[in-house]
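A.B. asks: Requesting a structural model of the entry that follows:
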Amino acid sequence: MRLRTILAGTAAFAAIAVIVPATVPTSWNPVTAAEAATSISFSVFYDGLADHGDWVNYDGGYVFVPVIADRDWRPYREGHWIYARGYGWTWVSDEPFGWATYHYGRWGFAREIGWYWVPGTRWAPAWVSWRRSGDHMAWAPLPPRRGGGDGISIEINIGSIPDYYWVAVPTRSFLNVNLKVVIIDDDRERRRIVNNSEFVGTVNIENNIVVNNIIDVNFVEEKTGKQVKQVEVKQTDDPASARATDGEVAVFNGTLEADKTAKPPKLKEVGEVEQNQAENKKKVAAEAEGQAAAPPGAGTDAETVTTGEAEQDGKKEVTPEQAEGAAPDDMPVGSITKPAEQQADKKKPAAGEEPVARKNKKAVPCDPATDSECVPQ
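C.D. replies: Got it, this is the predicted structure:
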């Protein structure tokens with residue numbers, strides 16, 4: 001099954017500027033002719049995101065790789081959903097780069113550099129696909145692709161979205177402000193949910209505006225038991241000011257230009273970014289190992305020590321590489337040593353050396369002939 005919607009825009013890596021018509025539904029404030037004719041370079045992204053990650057020349061274009069310390073991280077995970085009047089489900093990001101990466105362009109994953117974002121020319125409430133069942137809802141970033149001619153093409157083959165792209169939550173928790181605590185991180189459970197759910201569609205185009213209304217409001221209200229508030233929308237002529245909050249959504253309906261002469265202020269090589277990612281993974285694994293080994297009360301919550309970060313309720317977590325098939329499923333996420341394994345690894349006493357436990361054992365009256373633990377006085 002293939003779904004195709006053609007946007008009047010520009011392919012992510014194309015160098016042709018496109019003017020967005022000012023046709024909008026009458027219930028919204030129309031975009032002025034001056035706003036529609038404004039052409040803004042991708043430099044707004046290159047400069048605005050420079051402090052939050054690395055820019056790298058990858059696969060023929062400049063892509064952004066965020067600096068992330070959470071090994072469970074994936075796009076559209078740190079934030080929540082609101083419903084913007086006329087635009088539909090809009091992602092409110094908790095991340096400093098979210099104003100750009102969740103409203104313009106697409107996300108991809110590569111073994112060399114991890115998750116990366118490809119800038120786009122059009123603003124949207126979110127660039128995602130949707131799945132749902134009675135008990136769960138899931139969304140995934142649209143993967144990057146190169147379109148031909150002068151248009152952006154939303155052309156999705158359902159099987160082309162890997163399982164690890166999807167973010168799944170219980171349907172009853174869809175409207176939670178803190179979705180991170182209800183997102184299902186266990187890989188096997190997420191795959192089960194994805195396989196047992198129905199693909200319902202992607203963002204769509206109405207009146208030349210990108211909308212994200214494929215998930216019915218009545219369905220959400222029924223499953224969550226909450227009323228969906230429609231957040232008001234205002235227009236802005238500054239793409240960096242197009243931000244979503246619980247109280248208002250600022251929308252940019254102008255033009256962004258993929259100018260080949262514009263470059264990020266600091267560009268890194270793929271190998272350098274790959275090394276940084278590897279060091280970051282080691283750091284995360286070391287922190288997780290430290291949490292697992294720390295005794296309760298030693299500056300760490302006792303519950304965290306019990307569950308750890310690599311396994312919860314006996315369920316194993318995997319990295320995107322494992323989900324993609326680039327690493328074996330039985331490869332551990334971090335070198336977390338369980339207390340039992342630590343006990344087994346303790347150094348055995350040398351020949352003739354008295355065990356520590358016996359050295360420290362208090363001498364009490366006993367019979368060495370019948371008690372192997374007896375320490376004669």
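
A.B. asks: Residue 70: neighbour count?
C.D. replies: 11 (other Cβ atoms under 10 Å). For glycine as for every other residue, the C-beta is placed from the backbone atoms N, C-alpha and C.

A.B. asks: can you map out the strands along the stretch 151-300 of the chain?
C.D. replies: 152-157, 167-170, 198-202, 204-206, 209-211, 230-231, 233-236, 249-252, 255-257, 267-268 (DSSP state E, counting those that start in this stretch).

A.B. asks: Can you show me the helices along the chain?
C.D. replies: 33-37, 43-48, 98-101, 187-195, 217-224, 270-293, 302-307, 320-324, 339-344, 356-359 (DSSP state H).

A.B. asks: Name the residues that touch the third one?
C.D. replies: The list of residues contacting helix 98-101 from outside it, by Cβ atoms under 8 Å, 6 or more residues apart in numbering, reads 45, 48-49, 64, 66, 75, 78-79, 91, 93, 95, 107, 117, 119, 240, 242-243.

A.B. asks: hang on, the earlier thing: tell me which of the strands of the stretch 151-300 of the chain lies nearest to residue 83.
C.D. replies: strand 230-231 (5.5 Å; Cβ to Cβ).

A.B. asks: Which strands and helices lie in contact with the closest one?
C.D. replies: On a contact count with 3 or more Cβ pairs under 8 Å, 6 or more residues apart in numbering; DSSP states H and E, strand 230-231 meets strand 79-84.

A.B. asks: The strand it packs on - what's its average pLDDT?
C.D. replies: On average, the pLDDT along strand 79-84 is 98.

A.B. asks: Neighbouring strands of that strand in the sheet, and parallel or not?
C.D. replies: strand 88-93 (antiparallel), strand 230-231 (parallel) (DSSP bridges).

A.B. asks: quick one: contacts of that strand?
C.D. replies: With Cβ under 8 Å, 6+ apart as the test, strand 79-84 has contacts from 89-95, 98, 102, 125, 174-179, 217, 228-231, 233, 244, 246, 249, 251.

A.B. asks: And stretch 161-179, by the same measure?
C.D. replies: 74, 76-77, 79-81, 107, 109, 129, 131-141, 143, 182-184, 187, 190-191, 193-194, 220, 223-226, 228, 246, 320, 323-324.
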